[in-house]
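need coordinates for the below:
(chains A and B)
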Amino acid sequence: MKRFAAAGFIAGYLGFLGLGIVSHGLHYGEGAHPLMYFVVWDMFCGWSAYSSRSHLIAEGESGTFYRLTPTPWGEYHPYAHLGRQHYDSFGNHLHTIAANVLRHTRHEPIRRVIAVEETWAKKYNLPDPVWKRHFSEPKEPHHYFHVTALYTPDGRIVARRPMWVDYQASLCVADNPRLLAESRRTQPAFALTPNQRFYNPHMAPLWERAFTPAIPSDPPLGDAR
Amino acid sequence: MTPTPMPSEVHRPAHGDAPLEPVERLRTDSRPTPTPRRSWWSRLERFFFEQRVPYGMAAVRILLCATLLCVVLPRWFHAREFYSTDGAPAPLADNYGWMDFLPIPSGPLAVALMSLLAFALISALIGWHTRLSLGIAAVVYPYLNMLDCLSSMTKYSVISSHALLLLALSRCGDVWSVDAWRRGLARRRSLLDPAIRWPRSPIWPQRLMQLMIGIVYFGAALTKMQTPEYFNGDQLLYWLMSNVNNDNPVGEWLTLTPWILVFFAYIAVVWEVLFPFLVWQPRGRLWMLGIGALFHIMTTLTLGLFIFPAVCISIYFCFLTERDVRRALRLVRRWRRRLKVRPALRRVQPAIGAAFGRITAQLRGRLGPATYAAVAGTAVVLGLIAEYALDPYGLRRPEGPYALQPLSQEEVARMLSPSPPIRHKDKLVAFDVGTWMISELMVNRRTEFRHGEYALAQVRLAPPHEDLWVECNLHDAEDRVLDRVGQIVTRSMTRASFIYRLTNALEPGVYQLVCRINGTEVARKAFRLHGQGWLPATAPADAEPPSAQPLEHIETVSR
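Numbers count the residues shown, from 1 in each chain, chains lettered A, B, ... in the order given. The predicted structure follows:
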């Protein structure tokens, strides 16, 4: 009996591991269930060319802005010297972090919480001796800030837009008048649809409308100086 | 001398035949005994259900629990914040669209679970009620991790969860454990004494762990094969430049030789694919595990990972066999003899025995399930009391809860002002000049050329970028444009290469290659051109390559 149970477990366990391999190999059902995370081995699958950090700031009713991260009671650094919020690559859980900080701190009434992403090219992470061997030019990093979401003080999402790299990628695609005209021509008449429109470059003005007037929109793509 | 018989001469007795005469027996014995053929089913049965001493699993138990304690203990202080409704949990299931997949515990319950997990890992490490401890860890560890995908759940937590489950199903507590000591297996003996007859048990949990490791590597190879950026070195380059893990100085220096990354990328994939097939052969096992250990150590040096390699190397010990342990014990005995440890131990052993013998004898009888439950309960209660006293949110401080810190107007303006378009210089990852490329990557960066050679210039760009016009222009030392070459780099491309033939139309001297993106200069490289007779060996060996020197310096020299 014990042996039958063991054989059953062996078959079930190997079947479960095999399911992950097949699913990952064929890109079928990889995200169907949270347990797929335990059998799909997609380590290091999408590191970008830009470094990114997440900031949460709250706007009080007086118009004063407050820093919510790093958390006032001290940060835990899970993998290096960075706080936990920086590992939320898609900004899916920042609203819970903000709400938790507001629940456990003293502050004036808060009007809204803003999630800001800070980004810079990864090449500026290189130490100076290595930089000098790569480039003759001085190291002049530029940090881009990009508002990704607005939350209520209790953590409800008011508005959201893609992370900076995805947003820039959509701008690059939108840098095509023919494509943009085609997209505009086939735009549905509905003001709202059940689908998320994050990746449609033509929807960019709508995001901006959601964020105005407090957050100015990003300028269109053009020649950088 | 007896001639070796032909196979046809050998009398093979059928079942029930009379025994062979001594000479005939000698003849048949001189031939290798044919190995009885087993059916694939019996081989499979033997593979999974052979009785072995679970040395390997015991070693994994000790090493893995020690590694996991290094992450669980620091997280205990933040249990309320990460895993409870009184904090900011980040359930993994939410990312999959499965809201409320797992119940989120209250603050005290999360602290109690974390305390219980820490206790279970400690007791599993020492092997006290091993199976129960590992069972608790195998349930609580993945449960809590699934509530925090930001700082707890990673692929090493997944591998550890698999390993804890398989350890809980194994008899790893039969060896090198308090349980074994309680049963009197190692009484009055060292745990490493070869005379101890450790109990044997079916090997299937160990086999499943070995298979799991092979499947993990195979899956990781699949991921890499589906990622073209992995093989052209771009992704590896960005990993090395990342600073989301610990410091990785070796990785940062490796960015200077990107072609090596491509070489290692292929080696890694070949190794990962071969691992599940070759690791079962004695020689293959040595190679596969050796390369694996080296690979994981390199991830520490190049990517700044610590726990991931520690977990992986810990579970490699499931490949440990009884033979390996016998060999290791022989080695230990030899070293003990050389270092004369045994006589020294013999002198102190009676004293230790007299001092602790009575205590250990009493303790042995009192380490039963009731004591285990009492100690586990105490650990949980103490954990709750300690966490209350530590007051992680500072709510009970005399001055009250923490106050939010206001941001300065400059900081607010910096964060909320519109983000400009990406600067062209940020789109450039590297601009290299040399003569030799492998896998579209510069192998030899050169600052000295002679007539007749080709100068290869390579521009590497970071995605995302729009369709670009990239130029690589030749300037002289006075910065006058001598030649202008450009090409379109579409948004899907990350490389642009330019070739200059350095003919005698160019006077020997200093020149510069200037990279422009959409008309904006983003980088330049200076080089010195020599006449036909110049050889690299005769060139003056500068401490710094001229490209690393300020351009003004080179211009001054040329004047």
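
for whichever residue of chain A sits closest to chain B, helix, strand, or coil?
Closest to chain B within chain A is A:Trp41: 3.0 Å, counting by CB to the nearest CB. Where you see a C-beta, it was placed from the backbone N, CA and C, and this is true even at glycine. Classification of A:Trp41 using DSSP: H, G, I helix; E, B strand; the rest coil returns coil.

grab the nearest non-local neighbour of it.
Leaving aside its sequence neighbours, A:Trp41 sits nearest to B:Gly219 (CB to CB, 6 or more residues apart in numbering or on different chains; 3.0 Å).

tell me which helix or strand the one you found sits in.
Using DSSP states H and E, B:Gly219 maps to helix B:204-225.

in that helix, what counts as buried?
B:204-224 (16 or more other CB atoms under 10 Å in any protein chain shown).

do stretch A:93-101 and chain B meet?
Yes: shown here: stretch A:93-101 in contact with chain B (CB under 8 Å from any CB of the partner chain) through A:His93, A:Thr96, A:Ile97, A:Ala99, A:Asn100, A:Val101.

next, count neighbours for the closest residue in space to the first one that isn't next to it in sequence.
Nearest residue to A:His93, sequence neighbours excluded (CB to CB, 6+ apart): B:Ala90, at 3.7 Å. B:Ala90: 26 surrounding residues under other CB atoms under 10 Å in any protein chain shown.

B:Ala90 pairs with what?
Beta-bridge pairing of B:Ala90 under DSSP bridges involves B:Asp148.

that one reaches A:Asp88, doesn't it?
Yes: at 7.1 Å, B:Ala90 counts as touching A:Asp88 under the criterion of CB atoms under 8 Å.

joint contacts of those two?
Here B:Ala90 and A:Asp88 have B:Leu150 as joint contacts, going by CB atoms under 8 Å, 6 or more residues apart in numbering or on different chains.

for residue 57, report the pLDDT, please.
With no chain named, the answer covers chain A. pLDDT, A:Ile57: 96.

wrong chain, I was asking about chain B
For B:Met57, the pLDDT comes out at 96.

how about the contacts made by it?
B:Leu166, B:Leu167, B:Ser170, B:Arg171, B:Cys172, B:Val175, B:Pro205, B:Gln206, B:Met209, B:Cys318.

quick one, which of those residues has the minimum pLDDT?
Among the contacts of B:Met57, B:Val175 has the weakest pLDDT, 91.

hmm, back to that, now rank the residues of stretch A:93-101 next to chain B by neighbours and give me the top one.
When neighbours are counted by other CB under 10 Å, A:Ile97 leads the residues of stretch A:93-101 next to chain B with 28 neighbours.

quick one: it and A:Thr69 touch, right?
Yes: assessed by CB under 8 Å, A:Ile97 is found in contact with A:Thr69 at 6.9 Å.

what is in contact with the two at once?
A:Leu56, A:Gln85.

once you drop chain neighbours, what's closest to B:Val175?
B:Ala58 (4.0 Å).

check the gap between that neighbour and B:Leu329 for me.
Using CB to CB, to the nearest Å, B:Ala58 is found at 14 Å from B:Leu329.

so for those two, which sits in the more crowded spot?
B:Ala58 (27 against 14).

who are the contact partners of the more buried one?
B:Ala58 makes contact with B:Gly127, B:Cys172, B:Gly173, B:Asp174, B:Val175, B:Trp176, B:Ser177, according to CB under 8 Å, 6+ apart.

between the residues you listed, which has the most around it?
B:Cys172 (30 neighbours).

quick one: residues contacting that one.
By CB under 8 Å, 6+ apart, the residues touching B:Cys172 are B:Pro54, B:Met57, B:Ala58, B:Val60, B:Arg61, B:Gly127, B:Thr130, B:Leu134, B:Pro205.

how about those in CSV, adding secondary structure and distance to B:Arg283?
As requested, the contacts of B:Cys172 are exported to CSV (DSSP: H, G, I helix; E, B strand; the rest coil; distance: CB to CB, whole Å):
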residue, secondary structure, distance to B:Arg283
B:Pro54, coil, 24
B:Met57, helix, 23
B:Ala58, helix, 25
B:Val60, helix, 23
B:Arg61, helix, 27
B:Gly127, coil, 33
B:Thr130, helix, 33
B:Leu134, helix, 33
B:Pro205, helix, 25
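
right, I'll leave it there.
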